[in-house]
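Asker: Would you be able to build a 3D model of this:
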Amino acid sequence: MNPLQPDELRLLTEVGFVAAARGELQSATQIFQALEICRPNAGFSYAGLAVAKLARARYDDALQVLARGLATVAPDDAQDLHALRALVCHMAGRTSECARAIQAAGDHPLARSLTTAAA
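Answerer: Numbering: from 1, shown residues only. Okay, here's the model as predicted:
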């Protein structure tokens, strides 16, 4: 049984993304790690933690989080994580990895915009 209701999960996710956007890595990390415990098969906790790492230019750490998420989340629910992985690879200058992630993300809008930016 999940100890948090859907509205509570959504609120914590939003607070975590605000912390990530403000560069508050420690707060964002604590929130998203707790969400990962509550919902290990949901991509939002991995995406949020990766965004927090990305905000601090910790590309390798962000990619490790995304790899963990991609190993856990059902393939049908992983498109967002693949697209975020493409963004991290793009920002880190990892062109070939970025291309593979874009392909894995399919028609995700972020992946499409990265394809356009790379052209």
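
Asker: Other residues contacting stretch 48-64?
Answerer: For stretch 48-64, contacts defined as C-beta atoms under 8 Å, 6 or more residues apart in numbering pick out 13, 16-17, 19-21, 23-25, 28-29, 31-33, 35-36, 65-66, 69, 81, 84-85, 87-89, 91-92. In short, each C-beta sits where N, CA and C put it, glycine included.

Asker: Could you work out the end-to-end span of that stretch for me?
Answerer: 13 Å (C-alpha to C-alpha, to the nearest Å).

Asker: got the buried residues for that stretch?
Answerer: Neighbour-count burial for stretch 48-64 flags 48-55, 58-59, 61-63 (criterion: 16 or more other C-beta atoms under 10 Å).

Asker: What's the mean pLDDT across it?
Answerer: For stretch 48-64, mean pLDDT rounds to 94.

Asker: Might you calculate how far it sits from the centre of the chain?
Answerer: Distance, stretch centre to chain centre, for stretch 48-64: 8 Å (C-alpha atoms, centre = their mean, to the nearest Å).

Asker: ranges for the helices of this protein?
Answerer: Applying DSSP state H to the chain gives helices spanning 6-21, 25-38, 43-55, 59-72, 79-92, 95-105, 109-118.

Asker: Show me the residue at the heart of this protein, geometrically.
Answerer: A47 (1.9 Å; C-alpha atoms, centre = their mean).

Asker: so that one touches H82, yeah?
Answerer: No: assessed by C-beta atoms under 8 Å, A47 is found out of contact with H82, at 10.7 Å.

Asker: Now, of the contacts of stretch 48-64, which are buried?
Answerer: Here, 16+ other C-beta under 10 Å leaves 13, 16-17, 19-20, 24-25, 28-29, 31-32, 35-36, 65-66, 69, 81, 84-85, 87-89, 92 buried among the contacts of stretch 48-64.

Asker: So which helix or strand of the chain has the lowest pLDDT on average?
Answerer: In the chain, no helix or strand scores lower on mean pLDDT, DSSP states H and E than helix 109-118, which sits at a mean of 81.

Asker: Check which residues of it are buried.
Answerer: Per 16+ other C-beta under 10 Å, helix 109-118 contains these buried residues: 110-111, 114.
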